[in-house]
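Asks: Model the structure of this input:
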Amino acid sequence: MTGVRDLKYRQWFNGADVDGDGVITRQDVRLMGERYVAARGAAPESTTAQRLTGGLDAFWTNVIAPMDQDGDGQVDLREMTEGFRRALSDPAQYPQQVGPVADCYFDLIDLDGDDRVDQAEFSEIFGLAGNVSPEDCAAVFTALDQDGSGALDRAEFHRALAEFFYGDDPEAPATHLFGKITG
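Replies: I've put the predicted structure just below:
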């Protein structure tokens, strides 16, 4: 485990702590989903929004909540980092741990439904809902679009998330997926 993964986890934590109170709660996870649904312009009762809500509830229950070491219903940065280190140690577990939620996010990001995420879609969602600067969105998108097609297909998106959550390479394209990490 390198410090790079801890920096990425901190960046993710900062985005997941929607209300900015220094902890992640079930409410933060729900608000994170609502933020993406709203940025997408999807109806809360839409199939995609419902899948995302269900996926995020499962993500809270199965991944985040077990990190709550003191049982206070909140996960602080230390608890989350230690929990991610334990839970996300085996990339072979990506399809069960992260994959289902990633598919829901992909469907939300794919604004025109063509099963590809172009730079405008990527920037709209990560910029508006993920609080990533336009410059960082553009740089990350370009790096992730490894085939130069001008869009990310589902496989490229999954590779990016797997690299973000499981990878240790500070130069990997997905390192700054949720915003530029700083030491």
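
Asks: Could you confirm Val117 falls within a strand?
Replies: Yes: membership of Val117 in a strand is supported by DSSP: H, G, I helix; E, B strand; the rest coil.

Asks: is it true that it touches Phe106?
Replies: Yes: the pair Val117 / Phe106 is scored as a contact, 6.8 Å apart, by Cβ atoms under 8 Å. For glycine as for every other residue, the C-beta is placed from the backbone atoms N, C-alpha and C.

Asks: Residues that sit against both of those two, list them.
Replies: Phe157 (Cβ atoms under 8 Å, 6 or more residues apart in numbering).

Asks: Tell me who's in contact with Asp110.
Replies: Asp110 touches 116-117, 121, counting by Cβ under 8 Å, 6+ apart.

Asks: cool, and Val140?
Replies: Counting by Cβ under 8 Å, 6+ apart, Val140 has contacts 122, 126, 132, 173-174, 176-177.

Asks: before we move on, the earlier item: comparing Val117 and Phe106, which residue is more hemmed in?
Replies: For Val117 versus Phe106, the count of surrounding residues by other Cβ atoms under 10 Å is larger for Val117: 29 against 20.

Asks: number of nearby residues for Ile148?
Replies: Careful, residue 148 is Gly; it's not Ile. Neighbours of Gly148 (other Cβ under 10 Å): 7.

Asks: which phi and psi does it have?
Replies: Taking degrees, to the nearest 10, you get phi 70, psi 20 for the backbone angles of Gly148.

Asks: Restrict the helix or strand Ala39 falls within to CA atoms and write it as PDB.
Replies: In this structure, Ala39 sits in helix 26-40 according to DSSP states H and E. Taking Å, rounded to 0.1, in the frame of the first residue of the first chain, the C-alpha atoms of helix 26-40 are listed here in PDB:
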ATOM      1  CA  ARG A  26     -25.700   7.300   5.300                       C
ATOM      2  CA  GLN A  27     -27.300  10.700   4.600                       C
ATOM      3  CA  ASP A  28     -24.100  11.900   2.800                       C
ATOM      4  CA  VAL A  29     -24.100   8.800   0.600                       C
ATOM      5  CA  ARG A  30     -27.800   9.400  -0.200                       C
ATOM      6  CA  LEU A  31     -27.000  13.100  -0.900                       C
ATOM      7  CA  MET A  32     -24.100  12.100  -3.100                       C
ATOM      8  CA  GLY A  33     -26.600  10.100  -5.200                       C
ATOM      9  CA  GLU A  34     -29.100  12.900  -5.300                       C
ATOM     10  CA  ARG A  35     -26.400  15.300  -6.400                       C
ATOM     11  CA  TYR A  36     -25.600  13.100  -9.400                       C
ATOM     12  CA  VAL A  37     -29.300  12.500 -10.200                       C
ATOM     13  CA  ALA A  38     -30.000  16.200 -10.100                       C
ATOM     14  CA  ALA A  39     -26.900  17.100 -12.200                       C
ATOM     15  CA  ARG A  40     -28.100  14.500 -14.700                       C
END
